[in-house]
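[1] Turn this into a structure:
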Amino acid sequence: MTGSYTEASVKRKPDISFYLTKVSMVILIIGLFVVGFLSTLKILMFFGIGLGCLAGFYVFPRLSAEYEYIFCDGQIDFDRINGGESRKTVLRIDLDNIEIMAPENSHEMDRFRNSEMKVRDFSSHDPAAKKFCIITSDDSNRTKILFEPSEKMVEMAKQKSPRKVFTE
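    Below you'll find the predicted structure:
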């Protein structure tokens, strides 16, 4: 059996929305606890404490995200890992159905720069990292996918689709 398989992963760097969400969740949880304890109705106290715990339990793990890219026989899976625990396949693409795969600032991407398209960002948001773009289209909608593959993944993709994958 001759198959090609490789994987790569990146951890998303925190941005301003990460910190704003974290601070607002802490304020909300503390506020719900205070309202619950100052309340004369005991049911409101339990409701406030329970709601605060649920908010913290569901929101905080989703704030730290990691993306994993899995290349297997011409398909790339984009998985999101929340809090190091739950994994979800967000997107699966086949290299036979893409228009182009190239580095983000490559001249091959110039013809797509001014066109309007949906952007899906699976990168780490690190300015020093080498990002690649994949342009896909279905019907009349184009999608630009940003990610940071390993060199081995780029080599395997180039072997699979040499006319669609560019390295420079």
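[2] any chance you could map the strands in this protein?
    Counting by DSSP state E, the chain has these strands, from start to end: 5-11, 65-72, 75-82, 86-94, 98-103, 118-121, 132-138, 141-147.
[3] Next, format these as TSV and append distance to K22, mean pLDDT and mean neighbour count.
    All C-beta atoms are positioned from the backbone trio N, CA, C, and that covers glycine. Formatted as TSV, those follow (distance: least, Cβ to Cβ, whole Å; pLDDT from 0 to 100; neighbours: other Cβ atoms under 10 Å):
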stretch	distance to K22	mean pLDDT	mean neighbour count
strand 5-11	16	91	15
strand 65-72	13	92	18
strand 75-82	14	92	17
strand 86-94	19	91	13
strand 98-103	33	93	19
strand 118-121	20	92	12
strand 132-138	30	91	18
strand 141-147	24	92	17
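[4] Which of the ones you listed sits closest to P162?
    P162 sits nearest to strand 98-103 of all the strands of the chain, at 11.0 Å, using Cβ to Cβ.
[5] List the contacts of K158.
    V165, T167 (Cβ atoms under 8 Å, 6 or more residues apart in numbering).
[6] Got the confidence number for it?
    Looking at K158, its pLDDT reads 92.
[7] Dump the strands of the chain to JSON lines, plus distance to S39.
    Below are these laid out as JSON lines (distance: least, Cβ to Cβ, whole Å):
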{"stretch": "strand 5-11", "distance to S39": "41"}
{"stretch": "strand 65-72", "distance to S39": "36"}
{"stretch": "strand 75-82", "distance to S39": "33"}
{"stretch": "strand 86-94", "distance to S39": "34"}
{"stretch": "strand 98-103", "distance to S39": "57"}
{"stretch": "strand 118-121", "distance to S39": "43"}
{"stretch": "strand 132-138", "distance to S39": "53"}
{"stretch": "strand 141-147", "distance to S39": "47"}
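[8] Looking at those, spot the one closest to V35.
    strand 75-82 (28.7 Å).
[9] And the closest one, what does it pack against?
    Using 3 or more Cβ pairs under 8 Å, 6 or more residues apart in numbering; DSSP states H and E, the elements in contact with strand 75-82 are strand 65-72, strand 86-94.
[10] tell me the domain boundaries of this protein?
    What automatic domain parsing lists as the domains of the chain is 16-63, 65-160.
[11] Show the average pLDDT along the shortest one.
    The reference is to domain 16-63. 76.
[12] Need the distance between the two termini of that domain.
    12 Å (Cα to Cα, to the nearest Å).
[13] centre of the chain versus that domain, how much separation?
    26 Å (Cα atoms, centre = their mean, to the nearest Å).
[14] That concludes my questions; thank you for your assistance.
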